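> this one's sequence-less:
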């Protein structure tokens, strides 16, 4: 995966892979911008006046994670709490494993696709108590067993967990993002080269 300082290319890939309607793209851009300013990329990668961020695999993954949670209606505040609490100790590895599965099966789902899941989730209660839900993963081949386990949680569960789960095929979502990012990257390269060509043409000839 490439790195870029042009967020426009990254945004274009997210817009395409998440099929953001044209009328909602301004709001979508504002939502992602607010997350970045509030620490989505960590304390050492905060945007600010005169600071151009580098967008690479880690930033791509954090943005995809945020968008996946938005699809479930999870609030930006909860997204930021999850990233702060779980990125280094769990989520970074989950995304790395998901990328490995993409490399093995680039065009279709495979049995080792990584499923990102929140089993026994109770987001309403977590929101009241400023807690974060448990986020884990499993291979696609093990998903039926996990679903059966979650759906068999009894009402007197000692941890108060309900028979509920949020699940997404993270490897498939990354495939969609990579597919969209390719043309965005090429457009960025064309624009950069066109700019350099214009500078060459306009440069005065020394005599």
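Ah, there it is. The shown structure was predicted, so the numbers you read here are calculated from the model rather than taken from an experiment.
> what number of residues lie near residue 40?
Residues within reach of residue 40, counting by other Cβ atoms under 10 Å, total 24. To be clear about C-beta, it is placed using only N, CA and C from the backbone, and glycine gets the same treatment.
> for it, which non-adjacent residue is spatially closest?
The spatial neighbour of residue 40 that comes closest, neighbours along the chain excluded (Cβ to Cβ, 6 or more residues apart in numbering), is residue 62 at 5.4 Å.
> the one you found: what secondary structure?
Here residue 62 is recorded as helix under DSSP: H, G, I helix; E, B strand; the rest coil.
> tally of neighbours for it?
Here the count is done by other Cβ under 10 Å, and residue 62 has 23 residues near it.
> ditto for residue 85
In terms of burial, residue 85 registers 14 neighbours under the definition other Cβ under 10 Å.
> so what's it up against?
residue 132 (Cβ atoms under 8 Å, 6 or more residues apart in numbering).
> gap between whatever helix or strand it lives in and the chain center?
With elements delineated by DSSP states H and E, residue 85 resides in helix 76-86, which encompasses its position. For helix 76-86, the separation from the chain centroid amounts to 12 Å (computed by Cα atoms, centre = their mean, to the nearest Å).
> enumerate the positions of that helix that are buried.
For helix 76-86, the buried set under the neighbour-count rule, 16 or more other Cβ atoms under 10 Å, comprises 76, 78, 79, 80, 81, 82, 83, 86.
> what segments of this protein are strands?
With strands called from DSSP state E, the chain shows them at 114-119, 136-139, 165-169.
> who touches the first one?
Around strand 114-119, the neighbours that count as contacts under Cβ under 8 Å, 6+ apart are 68, 94, 97-98, 101, 133-140, 143, 146, 149-150, 161, 164-171.
> the helix holding residue 85 versus strand 114-119: what angle between them?
Computed by axes from the mean of the first three to the mean of the last three Cα atoms, to 10 degrees, the angle separating helix 76-86 from strand 114-119 equals 110 degrees.
> test my guess that residue 104 contacts residue 98.
No. Contact between residue 104 and residue 98 fails when scored by Cβ atoms under 8 Å: they sit 11.0 Å apart.
> which one of the two is surrounded by more residues?
Higher neighbour count among residue 104 and residue 98: residue 98, with 24 against 11, using other Cβ under 10 Å.
> so how far is residue 86 from the more buried one?
With distances defined as Cβ to Cβ, to the nearest Å, the gap from residue 98 to residue 86 amounts to 15 Å.
> what segments of this structure are helices?
7-17, 25-37, 57-71, 76-86, 92-104, 123-129, 143-151, 170-202 (DSSP state H).
> and those as TSV, adding mean pLDDT?
Shown next, in TSV, are the helices of the chain (pLDDT from 0 to 100):
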stretch	mean pLDDT
helix 7-17	93
helix 25-37	94
helix 57-71	96
helix 76-86	93
helix 92-104	94
helix 123-129	78
helix 143-151	96
helix 170-202	75
